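Peer 1: With the sequence up front, the predicted model follows.
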Amino acid sequence: MRAQGGSDTSRYGRGVRRQLTAFEYRNERLHVEDVDLATIAREIGTPFYCYSATALRRRFLHLRNMLAGTGTSVLYAVKANSNLAVVHLLGGLGAGADVVSAGEIHRCLAAGLGANTIVFSGVGKSRDEIVFALENGIRQINIESEGEFDRILKICDEFDMEAPVAFRFNPDVDAGGHEKISTGRQTDKFGLPAATIRHLWSRARAHPLIRPVGLAVHIGSQIHDVGLYRTAFDRLLDLADALDGVSSLDLGGGLGIAYHEEEEAIDLDGYARLLADIRRRTDAELAIEPGRWLVASAGVLVTGVNTVKQAGSKRIVIVDAAMNDLVRPTLYDARHPVWPHREATPPLFDSVVAGPVCESGDVLAHDVLLPGLDDGDLLAIGHAGAYGAVMASGYNGRLLVPEVMVDQDRHAVVRRRPGHDEMMALETVPDLQRHDTVR
Ligand code: LLP
């Protein structure tokens, strides 16, 4: 067990203050805005996700202000966090939505967004999803394959419905980041090459019910290098110039955040300058689809310490949240910071934070410095507002993790913890098994 002292507290202490304006220690206890996390834990138990409404507002307004001169609309990528309360809050501030399924359209409509602010992306939309989107008057469908184009055409003919469409361009840019979230290379499953789009664009223009409005591009997620965007957007503009009647450009999401002190977030000034440059080069309407940048740092996953054990040279803190609640560390080797609820004092110990799921991969954080901890102490996993609760499952018979929204000194459960009966409610032992007996 290696104890660390003094300035090492900065490994999480300063992180809290610099990156999470709405999360801070007051009286040595971690607060979300004016609410002590322990208050919520006492009320609903752990684990739970906790979001700050103020942080969500600040981040959205900051991004929108940065892009103000460029007339760019912000379409929130709902996949990052599709809780109705989050979508409602961002929609209320003027965000449109980027969705990838009928389920996300349902969520946006339920949260009060207008269908005409919703763009439907995704590489494998089903016939039913396309019909549902068109019947609801969606703003635009981003087409990702020739097969999908043909399917939309058939649906339009069959239902005599108009379809506003854009084509998702694959610019063949390697956006770096994690292999599993890079989407803009030629061999990725996403988007279409320029030659195919040129061909489909003229077919679309010739069809009475297809309304080709523009082009879309999205090269990946957690991008830190504005230069990659520049390359992709240059190629997109070249393609737009070669087509007649391109009136909108959807420039995708992917803006990277700093999960740690030593990581750099995307240079937002540089990104805004790039969009201003695009604005000068085209009359088309511009939109972007950020997800992570808006919501990640507005949320934490709060978990209770179950026990602390020593495994060889490792100090393992077993908590009550697991990979089924936050899969990012297991799936992408993502490194989230861990902040103890009780502000730490030395000595600090190199620790692994692991969940109760029966897999060695069920680790929420490696190599974090944590103080002495007692059973029942709380830890907050930072920057967990994006791709956290939305990717949760009931693996190992665990209950889906609840979500809480804090706004100044008030808080509300925005998804409650289900009971075990509810978790099993969709399942049945069918009649055909009536001869099986349970001994
Ligand atoms: N637009 C499209 C077409 C997308 O596919 C995505 C993300 C976004 C926008 C939003 O990207 P963002 O701004 O959030 O980077 N689960 C992974 C991230 C998957 C991203 C998938 N597509 C993670 O936890 O890192």
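Peer 2: Everything's here; your move.
Peer 1: I believe Thr231 is in a strand; please confirm or correct that.
Peer 2: No: Thr231: not assigned to a strand; according to DSSP: H, G, I helix; E, B strand; the rest coil it is helix.
Peer 1: What is the three-state secondary structure of His366?
Peer 2: strand.
Peer 1: quick one: secondary structure of the closest residue in space to it that isn't next to it in sequence?
Peer 2: Sequence neighbours aside, Val352 is the residue nearest to His366 in space, at 5.6 Å (criterion: CB to CB, 6 or more residues apart in numbering). Where C-beta positions appear, they are placed from N, C-alpha and C, glycine not excepted. Here Val352 is recorded as strand under three-state DSSP.
Peer 1: Surely Val352 touches Val363?
Peer 2: Yes: at 6.0 Å, Val352 counts as touching Val363 under the criterion of CB atoms under 8 Å.
Peer 1: count of neighbours near the residue nearest to Tyr229 when sequence neighbours are not counted?
Peer 2: Closest residue to Tyr229 apart from its sequence neighbours, by CB to CB, 6+ apart: Leu274 at 6.0 Å. For Leu274, the count of nearby residues is 18 (other CB atoms under 10 Å).
Peer 1: what sits against Leu274?
Peer 2: Shown in contact with Leu274 (CB atoms under 8 Å, 6 or more residues apart in numbering): Val226, Tyr229, Arg230, Phe233.
Peer 1: is it true that it lies in a helix?
Peer 2: Yes: assessed with three-state DSSP, Leu274 lies in a helix.
Peer 1: For stretch 34-49, give the mean pLDDT please.
Peer 2: Stretch 34-49 shows a mean pLDDT of 98 in the predicted model.
Peer 1: what's the answer for stretch 205-219, then?
Peer 2: For stretch 205-219, mean pLDDT is 97.
Peer 1: Could you export that stretch as CSV, CA atoms only?
Peer 2: Taking C-alpha atoms only, stretch 205-219 is exported to CSV below (Å, rounded to 0.1, in the frame of the first residue of the first chain):
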residue,chain,number,x,y,z
ARG,A,205,-33.3,16.1,-57.2
ALA,A,206,-35.2,14.2,-60.0
HIS,A,207,-37.6,12.6,-57.6
PRO,A,208,-40.8,14.6,-56.8
LEU,A,209,-41.1,13.5,-53.2
ILE,A,210,-37.4,13.6,-52.1
ARG,A,211,-36.2,17.0,-51.0
PRO,A,212,-32.4,16.9,-50.8
VAL,A,213,-31.5,19.7,-48.4
GLY,A,214,-27.8,19.2,-47.7
LEU,A,215,-24.9,17.2,-46.5
ALA,A,216,-23.7,15.9,-43.1
VAL,A,217,-20.4,14.8,-41.7
HIS,A,218,-19.3,13.4,-38.3
ILE,A,219,-15.8,12.0,-37.9
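Peer 1: how far out from the middle of the chain is that stretch?
Peer 2: 26 Å (CA atoms, centre = their mean, to the nearest Å).
Peer 1: circling back to that earlier point, ok, the residue nearest to His366 to Trp293 distance?
Peer 2: As judged by CB to CB, to the nearest Å, Val352 and Trp293 stand 29 Å apart.
Peer 1: I figured Phe60 hits Val74, correct?
Peer 2: Yes: when contacts are counted by CB under 8 Å, Phe60 is listed as touching Val74 (7.1 Å).
Peer 1: shared neighbours, these two?
Peer 2: Shared contacts of Phe60 and Val74, counting by CB under 8 Å, 6+ apart, come down to Ala95.
Peer 1: Secondary structure class of Val86, three-state.
Peer 2: Per three-state DSSP, Val86 ends up helix.
Peer 1: in the stretch 151-300 of the chain, which ranges drop under the pLDDT threshold?
Peer 2: Filtered on pLDDT under 70, the stretch 151-300 of the chain yields the residue ranges 176-185.
Peer 1: Near the ligand, which residues of it are found?
Peer 2: Proximity of the stretch 151-300 of the chain to the ligand, by CB under 6 Å from any ligand atom, involves residues 181, 218, 221-222, 252-255, 289-293.
Peer 1: for the stretch 1-150 of the chain, same thing?
Peer 2: So the stretch 1-150 of the chain meets the ligand at Ala77, Lys79, Ala80, Asp98, Ser121 (CB under 6 Å from any ligand atom).
Peer 1: List the beta-bridge partners for the fourth one.
Peer 2: With DSSP bridges applied, the residues forming beta bridges to Asp98 are Ala77, Val119.
Peer 1: ok, now which ones touch it?
Peer 2: For Asp98, the contacting residues are Leu75, Tyr76, Ala77, Val78, Lys79, Ile118, Val119, Ser121, Asp250, Gly253, Glu289, Gly291, by CB under 8 Å, 6+ apart.
Peer 1: Please pick the buried ones from those residues.
Peer 2: Among the contacts of Asp98, those classed as buried by 16 or more other CB atoms under 10 Å are Leu75, Tyr76, Ala77, Val78, Lys79, Ile118, Val119, Ser121, Asp250, Gly253, Glu289, Gly291.
Peer 1: Contacts only, for the residue nearest to His366.
Peer 2: If you count contacts by CB under 8 Å, 6+ apart, Val352 has them with Lys314, Arg315, Ile316, Val317, Val363, Ala365, His366, Asp367, Val368.
Peer 1: Just the buried subset of these, written out for ChimeraX, thanks.
Peer 2: The ChimeraX selection below is limited to those of the contacts of Val352 classed as buried (16+ other CB under 10 Å):
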select :315,316,317,363,365,368
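Peer 1: could the contacts of Val352 go into TSV alongside distance to Arg203?
Peer 2: Below are those laid out as TSV (distance: CB to CB, whole Å):
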residue	distance to Arg203
Lys314	60
Arg315	62
Ile316	59
Val317	59
Val363	50
Ala365	51
His366	52
Asp367	54
Val368	55
